[in-house]
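Peer 1: Need a 3D model of the sequence below.
(one chain, ligands or ions: 1)
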Amino acid sequence: MSSKLLLKPSFADNTLLSLHKRLFMSKPVVPYKNSEASKKKQVQKMFDGISGEYDDLNRVITFGIDLKWRRNLIRQIVQSNPNRVLDVATGTGDLAIELAQRGVPEITGLDLSPGMLEIGKDKIKYQGLGTHIKMVIGDSEQLSFEDNTFDAVTVAFGVRNFENLKMGLKEILRVLKPGGLLGILETSVPSNPIVKMGYMLHSNLLLPGVGKLFSKDGNAYGYLSKSATKFPYRSDFISILESVGFINCKYESQTLGVACLYFGSKL
Ligand SMILES: C[S@@+](CC[C@H](N)C(=O)[O-])C[C@H]1O[C@@H](n2cnc3c(N)ncnc32)[C@H](O)[C@@H]1O
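Peer 2: Numbers count the residues shown, from 1 in each chain. Model (predicted):
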């Protein structure tokens, strides 16, 4: 065999290389292009700023369909009968609340943004779920929990905001018990060209437009749409979960592929 043939990269090499380039060699998408602060600091500041309007705008932007995606995620997590669940990047606590309503006895909601957590705490108090849900400030990339603490971990629309995605996922794997289940809900890009066109119009025009009209922080909704279109999805994201050490990984596309559920377990 000639050396030229030996050096020719395989299809798998090329796929991995393009994934690597997209993940690590392109500029990170950050909320404030001209800021010197780290992505983490910017993300925290941005979510603190929009915390009061986050829930309402979320419903408008997704036409309320996010509620169905969340329910689909929770249903599968609850089927595994977890006692103790960590909801990473819990924000205003929607997943944590739904988990408690579905009978999970002990839930910890963790987030970087004190502003988002405060809104969540009010909702939890209002619903009388304070004995089941604890809301704590924390960073997914440096979790303060012991190894093997949780039966399940959930993350909704959080992973694409991590500054270091792999570090966050590794930390989640560390705190999961062996056999524990990870469930993630994240945006993805539809593959059907016509649906994709509609999705791009929604992301590039409607989302930043609605943000500029109704939000105190015009940049925030530009960031949310840009980060959604740049983030790895479906099989690309599954490759990342597997590279970190999750097993039995699978994805389930939601609503024409505009969002995706991902599941993985710890050995
Ligand atoms: C789009 S919101 C999602 C909130 C909530 N999970 C939901 O479904 O509505 C993203 C959240 O991720 C949080 N976040 C981003 N990076 C984080 C990190 N490294 N550790 C913990 N929380 C983080 C932000 O503060 C924000 O509240």
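
Peer 1: quick one, longest helix in this protein?
Peer 2: Scanning the chain for the longest helix, with DSSP state H as the assignment, gives helix 39-61.

Peer 1: From the contact counts, what lies against it?
Peer 2: If contacts are counted by 3 or more Cβ pairs under 8 Å, 6 or more residues apart in numbering; DSSP states H and E, helix 39-61 sits against helix 66-79, helix 114-126, helix 207-214, helix 218-230. Yep, even glycine has a C-beta here, placed from its N, CA and C like the rest.

Peer 1: Of these, which is nearest the ligand?
Peer 2: Each of the helices and strands packed on helix 39-61 was checked against the ligand via Cβ to the nearest ligand atom, and the shortest separation belongs to helix 114-126, namely 4.1 Å.

Peer 1: Now the element after that closest one, going C-ward?
Peer 2: strand 133-137 (DSSP states H and E).

Peer 1: and that next one, which residues are buried?
Peer 2: Residues 133, 135 are the ones in strand 133-137 that count as buried (16 or more other Cβ atoms under 10 Å).

Peer 1: Show me what the nearest residue to residue 250 once chain neighbours are set aside bridges to in the sheet.
Peer 2: For residue 250, ignoring the flanking residues on the chain, the nearest one in space by Cβ to Cβ, 6 or more residues apart in numbering is residue 263 at 5.5 Å. Residue 263 forms beta bridges with residue 183, residue 250, as assigned by DSSP bridges.

Peer 1: List the contacts of residue 263.
Peer 2: Residues in contact with residue 263 (Cβ atoms under 8 Å, 6 or more residues apart in numbering) are 76, 181, 182, 183, 184, 248, 249, 250, 251, 252.

Peer 1: Let me know the distance separating it from residue 114.
Peer 2: 30 Å (Cβ to Cβ, to the nearest Å).

Peer 1: and if you look at residue 95?
Peer 2: 18 Å.

Peer 1: Which one's more surrounded, the two?
Peer 2: Neighbours around residue 95 and residue 114, counted as other Cβ atoms under 10 Å, are more numerous at residue 95. The numbers are 27 against 13.

Peer 1: The more buried one falls within a strand, correct?
Peer 2: No. Assessed with DSSP: H, G, I helix; E, B strand; the rest coil, residue 95 is helix; it does not lie in a strand.

Peer 1: how close does it get to residue 196?
Peer 2: Applying Cβ to Cβ, the value for residue 95 to residue 196 is 28 Å.

Peer 1: Could you do residue 265 as well?
Peer 2: To residue 196, residue 265 is 31 Å away according to Cβ to Cβ.

Peer 1: cool, residue 227 as well?
Peer 2: 17 Å.
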